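Participant: one predicted model, sequence on top.
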Amino acid sequence: MATLSAFSPPSWPDPNAAAFLSDPTDADSNADADDHDPQSPPPNPNLNLHDNTNTFSPPSDLALPASRSPPSLFHLSFNQDQACFAVGTDHGFRIYNCDPFRELFRRDFDNGGGIGVVEMLFRCNILSIVGGGPDPQYPTNKVMIWDDHQGRCIGELSFRSVVRSVRLRRDRIVVVLEQKIFVYNFADLKLLHQIETIANPKGLCAVSQVAGSLVLVCPGLQKGQVRVEHYASKRTKFIMAHDSRLACFALTPDGHLLATASSKGTLIRIFNTLDGSLLQEVRRGADRAEIYSLAFSSTAQWLAVSSDKGTVHVFNLKVNSGSSGNEMRTSSDSNMVTSSSNSSLSFIRGVLPKYFNSEWSVAQFRLLEGSQYLVAFGHQKNTVVILGMDGSFYRCQFDPVNGGEMTQLEYHNFLKPEEAF
């Protein structure tokens, strides 16, 4: 059962606000929840006030006490344009800027409750948070809508099972459960769509970010199947991406290209989301690996991959996300690293197994094997930002012509106690 929150007039803070901690549309708007069964039509929501008792430490106490040990990490995620990242800990959450690296703010709760999901909305003051860890700040079956301008929760969405992940757009809130996905209108939290999925413990889901063209990708009802919802054209496309279960996928901001990896972790496939066609296949390695993250560059020329093998790979893509049919690239850029990305044994193509004809990564960066890392492309040209669940922050640069080992430009540990910002 889902509990649908709604907001009393006037409307709640504007999700299109450009600046973080910007003034909300109405600083006094509150919300409460009204229970409804997701199997039945959503009801007219009640317009009661949301109880916000004792959820937020006063701003003067935001810095960690000097005696407190570094927090345990429960969550890491980039925002929609990879300019910031959010951290959920055992006693609150923090927001960091990527370039330059700095802590923007932290919210530590008085009772030390854990946060298992923090989803930003670009750089505006609205976030969605879910409790996590052995002592969660909020129930793990609730999505709390946090307005950082007010320093409190202004609404909530409740469900019958644990919330696995949340995805935000300026016009939508997407909540992912173990076997179901709910899509809500951002302005009034009206339930718009429900999707049944195969078991999805990782909360895999991706949404496009281009205004007026919502594309949502999630697991289908079969192992290895991807479901693509094109809301503008009201079309649903199913893609049999892999034979084994899905481990990770990523979507370009315009929703045209989809990269997928399976539980084997050897191959990454790039699909056209409109017709489901396979555009390219690249190889991470020969042995099994758990793929932790996939990320497209802003131009979809590069794809970054992180796994439990401790190496971040960057692949050269030959597809053009900006073209109508996702044609193969014909510019000289696509040929820069041909010698690096193709097997040296390609001259006997068709004789040896497919492995020897694989497209390999252009650039690599070595990390500790077994640790979990999240990867994205930096705003500086040919740079990659890597976040670790051990608190590590790396900025690296790769050579688009010669490839090879990346150069480390910067390193920080964002878990170390620091002065208040």
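Facilitator: All right, it came through fine.
Participant: got a list of what His75 touches?
Facilitator: 86-88, 93, 115-118, 132 (C-beta atoms under 8 Å, 6 or more residues apart in numbering). C-beta: built from backbone N, CA, C; applies to glycine.
Participant: that should have said Glu229, apologies.
Facilitator: 193, 195, 214-218, 235-236.
Participant: hang on, the earlier thing: Asn382: which of the contacts of His75 is nearest?
Facilitator: Nearest to Asn382 among the contacts of His75: Ala86, at 25.2 Å, using C-beta to C-beta.
Participant: give me the neighbour count for the closest residue in space to that closest one that isn't next to it in sequence.
Facilitator: What sits nearest to Ala86 in space, not counting adjacent residues and going by C-beta to C-beta, 6 or more residues apart in numbering, is Val118, at 3.9 Å. One way to gauge burial is a neighbour count; for Val118, by other C-beta atoms under 10 Å, it gives 27.
Participant: and Val118, what are its bridge partners?
Facilitator: Ile129 (DSSP bridges).
Participant: ditto for Glu196
Facilitator: In this entry, Glu196 is beta-bridged to Lys180, by DSSP bridges.
Participant: please pull out the lowest mean pLDDT helix or strand from this structure.
Facilitator: Among the helical and strand segments of the chain, the one scoring lowest on mean pLDDT, DSSP states H and E is strand 31-36, with a mean of 36.
Participant: test my guess that Arg288 contacts Gly265.
Facilitator: Yes - with the criterion set as C-beta atoms under 8 Å, Arg288 and Gly265 qualify as a contacting pair; they are 5.6 Å apart.
Participant: of these two, give the one with the bigger neighbour count.
Facilitator: Higher neighbour count among Arg288 and Gly265: Gly265, with 22 against 14, using other C-beta under 10 Å.
Participant: give me the phi and psi for that one.
Facilitator: According to degrees, to the nearest 10, the main-chain angles of Gly265 amount to phi 70, psi 20.
Participant: now it: how far from Met240?
Facilitator: Gly265 sits 18 Å away from Met240 when distances are taken as C-beta to C-beta, to the nearest Å.
Participant: so Leu303, which of the three states?
Facilitator: Per DSSP: H, G, I helix; E, B strand; the rest coil, the local secondary structure of Leu303 is strand.
Participant: name the nearest residue to it, sequence neighbours excluded.
Facilitator: By the measure of C-beta to C-beta, 6+ apart, the closest residue to Leu303 outside its immediate chain neighbours is Phe315, 4.6 Å from it.
Participant: what's the most distant pair in the contacts of Glu229?
Facilitator: Across those, the longest distance by C-beta to C-beta is 14.8 Å; it joins Cys218 and Arg235.
Participant: Lys237 pairs with what?
Facilitator: Counting by DSSP bridges, Lys237 is bridged to Val228.
Participant: meant to ask about Glu103
Facilitator: Going by DSSP bridges, Glu103 forms beta bridges with Tyr96.
Participant: any regions of the stretch 301-421 of the chain where pLDDT drops low?
Facilitator: Counting by pLDDT under 70, the stretch 301-421 of the chain contains low-confidence residues at 320-358, 417-421.
Participant: now what about the helix or strand in which Val375 is found, what contacts it?
Facilitator: Taking DSSP states H and E as the criterion, Val375 maps to strand 373-377. If you take C-beta under 8 Å, 6+ apart as the criterion, strand 373-377 is touched by 76-78, 82, 85, 98, 292-293, 295-298, 302, 304-306, 312, 367, 383-389, 392.
Participant: just the buried members of those?
Facilitator: By neighbour count, with 16 or more other C-beta atoms under 10 Å, the contacts of strand 373-377 hold 76-78, 82, 85, 98, 292-293, 295-297, 302, 304-306, 312, 367, 383-389, 392 as buried.
Participant: quick revisit: my read: the residue nearest to Leu303 touches Leu294, true?
Facilitator: No - with contact defined as C-beta under 8 Å, Phe315 does not count as touching Leu294 (9.9 Å).
Participant: now do the shared contacts for these two.
Facilitator: Listed contacts common to Phe315 and Leu294 are 268, 303-305; contacts here mean C-beta under 8 Å, 6+ apart.
Participant: which pair in those residues has the greatest spatial separation?
Facilitator: Across the shared contacts of Phe315 and Leu294, the longest distance by C-beta to C-beta is 10.3 Å; it joins Ile268 and Ala304.
Participant: which residues are common contacts for the two?
Facilitator: With C-beta under 8 Å, 6+ apart applied, the overlap between the contact sets of Ile268 and Ala304 consists of 294, 315.
Participant: neighbour count for Cys218 and Arg235, which is higher?
Facilitator: Cys218 (25 against 10).
Participant: so for the more buried one, what's the pLDDT?
Facilitator: With respect to pLDDT, Cys218 scores 96.
Participant: same thing with the one 4 residues further on?
Facilitator: pLDDT for Gln222: 95.
Participant: tell me how many other residues crowd Asp399.
Facilitator: The local packing count at Asp399 equals 16, with neighbours defined by other C-beta under 10 Å.
Participant: how about Arg284?
Facilitator: In terms of burial, Arg284 registers 23 neighbours under the definition other C-beta under 10 Å.
Participant: render the CA-only coordinates of stretch 261-272 in CSV, please.
Facilitator: Listed next in CSV are the C-alpha coordinates belonging to stretch 261-272 (Å, rounded to 0.1, in the frame of the first residue of the first chain):
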residue,chain,number,x,y,z
ALA,A,261,25.8,-4.8,-18.0
SER,A,262,24.8,-8.2,-16.7
SER,A,263,25.8,-10.2,-13.6
LYS,A,264,28.7,-11.7,-15.6
GLY,A,265,30.3,-8.3,-15.9
THR,A,266,32.4,-9.0,-19.0
LEU,A,267,30.4,-7.2,-21.7
ILE,A,268,28.7,-3.8,-21.8
ARG,A,269,26.1,-3.3,-24.5
ILE,A,270,24.8,0.0,-25.9
PHE,A,271,21.3,0.1,-27.3
ASN,A,272,19.1,2.5,-29.2
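Participant: could you list the low-confidence segments of the stretch 51-200 of the chain?
Facilitator: Across the stretch 51-200 of the chain, the ranges flagged by pLDDT under 70 are 51-68, 112.
Participant: quick one: the strands in it?
Facilitator: In the stretch 51-200 of the chain, the segments counted as strands under DSSP state E, counting those that start in this stretch are 73-78, 84-89, 92-97, 102-108, 115-120, 126-131, 142-147, 152-158, 165-168, 172-176, 180-185, 191-196.
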